[in-house]
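In: I would like to see how this sequence folds:
(one chain, ligands or ions: 2)
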Amino acid sequence: MLAPPPVLLSADRIAGRVTELAGQISRDYAGVDDLLLVGVLRGAFIFLADLSRRLTVPCSVDFIAVSRYEHGSTATADVRSIMDLRVPIAGRHVLLVEDIVDSGGTLDYLTRTLRARNPASLRICALTRKPQRAPAGLRIDYLGFDIPDQWVVGYGLDYGNQLRTLPYIGMLDPAVTQRSVSGATASGADGGDARLRMVGAER
Ligand code: IMP
Ligand code: MG
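Out: Numbering: from 1, shown residues only. Ligands and ions are numbered 1, 2, ... in the order given. As a prediction, the model looks like this:
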């Protein structure tokens, strides 16, 4: 079991920002009575739970799951679908809810996939982004925080499927991820084998 890492974003800071984002989204979608929130599993489940309960517009919720084989590239070919939406989205207002944007490959894949289904609108809400990694042209309509290019955990974010339930977002010691790259077998995270993911993340 990994030790709790130092705080990057406290639970209070996250809660404050989620409330702000929910206010902004509620204002922007005022009058829309069928907003569909699409949470990207597994990392976004806590963010989606908190965000959705602060919205003042009527909404429903669905989930999609993808797995990422990272090699430091943004190739969408590295992303594969694990679980699709249950509902058709043609003609619906869709808000994609993500935990973190790293290389942007996952979002690129998801926006292409969902746009092809002709929603009335498609916007992106991401709690965190690593600006040093994400392509400058990648549009995020609602962004919680820009964070340093380091592996973070907590508030839904994992390392080898651990530490998701930390109430805050913490920065993992690079020595931990380095050890994993050189031979540990942590697995089960959204991106499949955590060892593969870290090779990409550490570059
Ligand atoms: P991207 O496709 O490179 O943008 O990566 C996005 C996905 O990788 C996220 O949805 C997360 O599942 C995972 N990920 C990227 N960086 C981190 C991190 O620092 N902590 C936990 N998960 C991460
Ligand atoms: Mg994610």
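
In: okay, which residue is most central for the protein?
Out: The centroid of the chain falls nearest to Asp99 when counting by C-alpha atoms, centre = their mean (2.3 Å).

In: Which of the three states applies to that one?
Out: Recorded secondary structure, Asp99: strand (DSSP: H, G, I helix; E, B strand; the rest coil).

In: show me what contacts it?
Out: Going by C-beta atoms under 8 Å, 6 or more residues apart in numbering, Asp99 touches Val40, Gly43, Ala44, Phe47, Ala126, Leu127, Thr128, Tyr155, Gly156, Leu157. Placement of C-beta: from N, CA and C, glycine included.

In: how does it look with 10 Å?
Out: Counting by C-beta atoms under 10 Å, 6 or more residues apart in numbering, Asp99 touches 39-48, 106, 126-128, 144, 152, 155-158, 164, 169, 190.

In: helix, strand or coil for the nearest residue to it once chain neighbours are set aside?
Out: Of all residues not flanking Asp99 in the chain, Gly43 sits nearest, at 3.5 Å (C-beta to C-beta, 6 or more residues apart in numbering). Secondary structure, three-state DSSP: Gly43 is coil.

In: In the chain, where is pLDDT below threshold?
Out: Counting by pLDDT under 70, the chain has low-confidence residues at 69-77, 179-203.

In: how about the helices in the chain?
Out: Ranges of helices within the chain are 11-28, 45-54, 105-115, 174-181, 194-202, based on DSSP state H.

In: Out of those helices, which gets nearest to ligand 1?
Out: Of all the helices of the chain, helix 105-115 sits nearest to ligand 1, with 3.2 Å by C-beta to the nearest ligand atom.

In: distance between that closest one and the chain's centre?
Out: For helix 105-115, the gap between its own C-alpha mean and the chain's C-alpha mean amounts to 13 Å (C-alpha atoms, centre = their mean, to the nearest Å).

In: Contacts (any at all) between ligand 1 and it?
Out: Yes. For helix 105-115, a contact with ligand 1 is found by C-beta under 6 Å from any ligand atom, at Gly105, Thr106.
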